[in-house]
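Chemist: Sequence plus predicted model, see below.
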Amino acid sequence: MKTVPFSFDLRSPDFIPSTYDNHIKRTLSAMKGQYLDQQAYNQLLARDDALLYEVYEIKRPKVAGELLHGISIVHPGKVGDEYFMTKGHFHTVLDTAEIYYCQKGQGYMVMETPEGDWAVEPLFPGRVLYVLPRWAHRSVNTSAGEDLVTFFVYPGNSGHDYGTIEAQGFRKLVIECDGQPAIIDNPRWYQPGRRYSQERLSQPENR
Ligand code: F6R
Ligand code: ZN
């Protein structure tokens, strides 16, 4: 690990940092249960465990005071009508924020709190997005045939909680509808404590 101030370049080639310590690759099989159209997911996976996104990290100690940073690249594509996206996560230390700076492509950051508040913010080159403490976040690439490239930076002690999103999904999904991105409710979103059975019981009966 570096012990003197350091810098690196982001713009070439293909926005891959000129130096990095870790290269994470996430393929379709890592997203089991996350896409709405399970049939399309299974069909795609049977053909190819496609590379959905990659992360290049600069290694720093995972302690408060340090800043973890790097580049995230979500490739273009869809599972059914739903765009390629990251797994998404809460930070384990909920009260830690994150900054994203979009360098290339078009997309959205889908966000929500443990209480179920949600926000979906556009990403495009030059846009800085501040993800507030407590907000889970997932980036979605809606570009036609182009990578979504973002620079991210967050506190060293944040940690990642993937399990909560894996279990309950995000409240909102970004899908293609009539050739345009659309934000829809996730019918499979589950929030602990919500009174599901009562809602179901209070549905009017079909005669
Ligand atoms: C770090 C962060 C990003 C993501 C990256 C991949 O806290 O938010 O670096 O880790 O965009 O997404 P996930 O981690 O959700 O697979
Ligand atoms: Zn994060």
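Modeler: Structure received. Numbers count the residues shown, from 1 in each chain. Ligands and ions are numbered 1, 2, ... in the order given.
Chemist: just how off-centre is the lengthiest helix in the chain within its chain?
Modeler: The longest helix of the chain (DSSP state H) is helix 38-47. Helix 38-47 sits 20 Å away from the centroid of its parent chain (Cα atoms, centre = their mean, to the nearest Å).
Chemist: Likewise for stretch 22-36?
Modeler: Mean-position distance between stretch 22-36 and its chain equals 10 Å (Cα atoms, centre = their mean).
Chemist: Just the pLDDT for residue 204.
Modeler: Note for residue 204: predicted pLDDT of 43.
Chemist: which other residues reach the helix or strand harbouring residue 101?
Modeler: According to DSSP states H and E, residue 101 maps onto strand 98-104. The contact list for strand 98-104, computed with Cβ atoms under 8 Å, 6 or more residues apart in numbering, reads 10-11, 15, 71, 91, 109, 123-131, 137, 139, 146-154, 158. Every C-beta, even on glycine, is put in place using the N, C-alpha and C of the backbone.
Chemist: which of the residues in the longest helix of the chain are buried?
Modeler: Buried residues in helix 38-47, counted by 16 or more other Cβ atoms under 10 Å: 41, 44-45.
Chemist: returning to that earlier point: show me which of the contacts of strand 98-104 neighbour ligand 1.
Modeler: Contacts with ligand 1 within those, counted by Cβ under 6 Å from any ligand atom: 137, 139, 152, 154, 158.
Chemist: what's around the fourth one, how many residues?
Modeler: The one in question is residue 154. Residues near residue 154, counting by other Cβ atoms under 10 Å, number 20.
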